[in-house]
Structure formats: structure tokens, C-alpha cells
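K.L.:
This is the structure alone, sequence omitted:
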């Protein structure tokens, strides 16, 4: 089966990450198919982009197994991480409005995909957090930049350095997501929001996005990448020394 299912639902083009056995982790194939999803945004009649997952996870983050397999191939590892980062930045800059329907766990790269979307709603059972530190990693796809913009620097630091997770209700109270619904209602509610947006003037929506999306500091993006490169450099050196 495809690792990402792309389907048209009325005015919305949805991508559903479809690796439930791996927590919908973002490996190279998932990233490539999400790139295809964004490529297809220019098809006639598409007014909204939607992202969700299969099963109990929205996305558990980058595929750690694939990353570890690339420790002996430093250029391959760096390319893998860079491609994921570029995907998140591309989603964040999409010309169409974007919706994340968070069906389950959203950690690491999954949180970064959520943060890159304009609207995020979540099922009641969803859990959300950064979690990079819990697996000995550091952010690389933008959570250190986007999370402070979403919840403020104090709460962002707390999530980043403790590895704790929030319930969907807590995430809504903190402003990380805009709405919590029963899991059985998530798809329908996301479709309702997409339909409401599609009924509006497309040029006005596009122009509002240009001014309403938080830009973030380009220096912060560069600093995050520098820290990531330092961290994976140490991991590569440790692997080579074994």
C-alpha cells in the first residue's frame, strides 16, 4: 500500500500518511509523496490542502530507523534531513490554506508538520509534543522556530527541553490547535472547514495568508540547522568510532 494516500474531497486535496505500523513516521517515501501532494495543489478547482494520518498517529516524526541506517552515509543522512526540512518550509509557504486534522499522536516532525499548517484541529485522543529530546535528537524541521510563535517562548522551551506531551484539550487551551472534536467527527469537521474556506473569495484568502502567517526569524531557522548539523556530526563520529 502507498505510504501516503492522496485524494480529492470536493475543493480540498488531502494527504493521509499511511504507515500506521510505524506511527506514520516520515521516511524518504513519505516525504516524496507529500512533495507530490504539494505539487498537485495547482490542479483546477483545488482551494484547500489537508493533512491527516491513518490509525492512532498523525505522525510520530522523522523515521528514526531510516536515519540510523544512514549514519554510515553522512551525505545521505544530511540530504534526508534537509529534504524533510524543505518540505515543512514549503508547506508553511503554500499558496493555498492548509488544514491539519490531527487524528492521533503528533511528535517531532509530526509536530513540525502541524505547526506549518494554517489551521489545526484534533481528535480528543490526540497527544501532541516535540519529543526530540526524548529520543536523543534535536529539532531540525522548524519546531524551535515555529513553536514559540504558536505558544510563546516560555511554553515552547518547556515542550522542547522536557519532552512532555499535551492532550488535545491542553493543546487547544495553549493555542497550539484551534478545535477539539470526537475522533468520529474529525474528518467531517475538517471537510466542513475546508468547504467554508472554499466558499470565500480565493484571492482575498491568498492575500490574507501573506500577511497573517507568522514569518519567524530567518536567523532562528539558520541557528536551528547549525545546531542540528553539530548534533548529527557527533552521532556520525560516534558511529564511525564503533
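P.N.:
All right, it came through fine. Fair warning: this is a prediction, and the values are worked out from it, not measured in the lab.
K.L.:
what separates the longest helix along the chain from the chain centre, distance-wise?
P.N.:
Assignment by DSSP state H gives helix 218-241 as the longest helix of the chain. Computed by CA atoms, centre = their mean, to the nearest Å, the separation of helix 218-241 from the middle of its chain amounts to 20 Å.
K.L.:
what comes up buried for stretch 197-215?
P.N.:
197-198, 205, 209 (16 or more other CB atoms under 10 Å). C-beta: built from backbone N, CA, C; applies to glycine.
K.L.:
what about it, start to end distance?
P.N.:
22 Å (CA to CA, to the nearest Å).
K.L.:
which residues sit against that stretch?
P.N.:
10-12, 47-48, 92, 95-97, 118, 146, 149 (CB atoms under 8 Å, 6 or more residues apart in numbering).
K.L.:
What is the neighbour count of the closest residue to residue 27 other than its chain neighbours?
P.N.:
Ranked by CB to CB, 6 or more residues apart in numbering and with sequence neighbours excluded, the top spatial neighbour of residue 27 is residue 63, at 3.7 Å. By other CB atoms under 10 Å, 23 other residues sit near residue 63.
K.L.:
How much space separates residue 63 from residue 182?
P.N.:
30 Å (CB to CB, to the nearest Å).
K.L.:
picking that back up, can I get the buried residues of stretch 197-215 in a markdown table including distance to residue 129 and pLDDT?
P.N.:
As requested, the buried residues of stretch 197-215 are exported to a markdown table (distance: CB to CB, whole Å; pLDDT from 0 to 100):
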| residue | distance to residue 129 | pLDDT |
| --- | --- | --- |
| 197 | 28 | 98 |
| 198 | 32 | 97 |
| 205 | 30 | 97 |
| 209 | 27 | 96 |
